[in-house]
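# Fold the following.
(chains A and B)
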Amino acid sequence: GQQVMQIPQYQHVQEGEDFTTYCNSSTTLSNIQWYKQRPGGHPVFLIQLVKSGEVKKQKRLTFQFGEAKKNSSLHITATQTTDVGTYFCAGYSGGGADGLTFGKGTHLIIQP
Amino acid sequence: KAGVTQTPRYLIKTRGQQVTLSCSPISGHRSVSWYQQTPGQGLQFLFEYFSETQRNKGNFPGRFSGRQFSNSRSEMNVSTLELGDSALYLCASSLAGGEGYGYTFGSGTRLTVV
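Here you go, the predicted structure:
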């Protein structure tokens, strides 16, 4: 079945530093979605990318979808304490028969 | 508008019992998906319902089942509970589900099996 892998599993940064998490799929994805889960909370939808090579920005967050539609990244510029949480990528492949498959997430820890 | 509502928030059950969890999606959302979240395995897809029909099913044993009602509300049932079923069970709703739509998650039901 489809597998979505994320690295790193944990990332410690100083407040103000940049942060990047990477997502790789074993199969070609029809789209990729990103979610954020705060400690003790539930996943919250951030964005969806559909087109090969697509880049989208949300304030300090930049999302990219690879040309082959098998990888994606999320980059946060100048992290703030409010960015703390776990960032998940999730994707569909094969017509969605496996449902929306999530990566295991990257835990972002920010030291003030 | 109201978000996705899951009840109960917390549940403690004994091994061998069965449990039913409930999910009320956002008004107008016809797709409901269920996920199991554990520290070791992360978010694992259980199943997705759309207009009362199961559209997709994850790789879980038959003890895990679900259904969706005509008002889009959904329930999931776990029979013959095992210790390993202890997890946060999350429900997520979407306008139509499938590719192309983001999901709104509920706060989850924390199930502890003792």
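
# Any stretches of chain B with poor pLDDT?
By pLDDT under 70, the low-scoring segments of chain B are B:1, B:97-100.

# And chain A, is stretch B:58-75 touching that?
Yes: Stretch B:58-75 reaches chain A (C-beta under 8 Å from any C-beta of the partner chain) through B:G58, B:N59. Glycine gets a C-beta too; all of them are placed from N, C-alpha and C.

# Tell me, please, where in chain A the pLDDT is lower than the cut-off.
When residues are selected by pLDDT under 70, those of chain A lie in A:1, A:93-98.

# Spell out which parts of it neighbour chain B.
When proximity is defined as C-beta under 8 Å from any C-beta, chain A approaches chain B at A:1, A:30-31, A:33, A:35, A:41-45, A:47-48, A:50, A:88, A:90, A:92, A:96-105.

# In strands, which of the residues you listed fall?
Residues of the residues of chain A next to chain B located in strands (DSSP state E): A:N31, A:Q33, A:Y35, A:V44, A:F45, A:I47, A:Q48, A:F88, A:A90, A:Y92, A:T101, A:F102.

# List the contacts of the second one.
This means A:Q33. Each residue near A:Q33 by C-beta atoms under 8 Å, 6 or more residues apart in numbering or on different chains is listed here: A:F45, A:L46, A:I47, A:Q48, A:L49, A:C89, A:A90, A:G91, A:L100, B:G102, B:Y103.

# What residues are bridge-paired with it?
Applying DSSP bridges to A:Q33 gives these bridge partners: A:Q48, A:A90.
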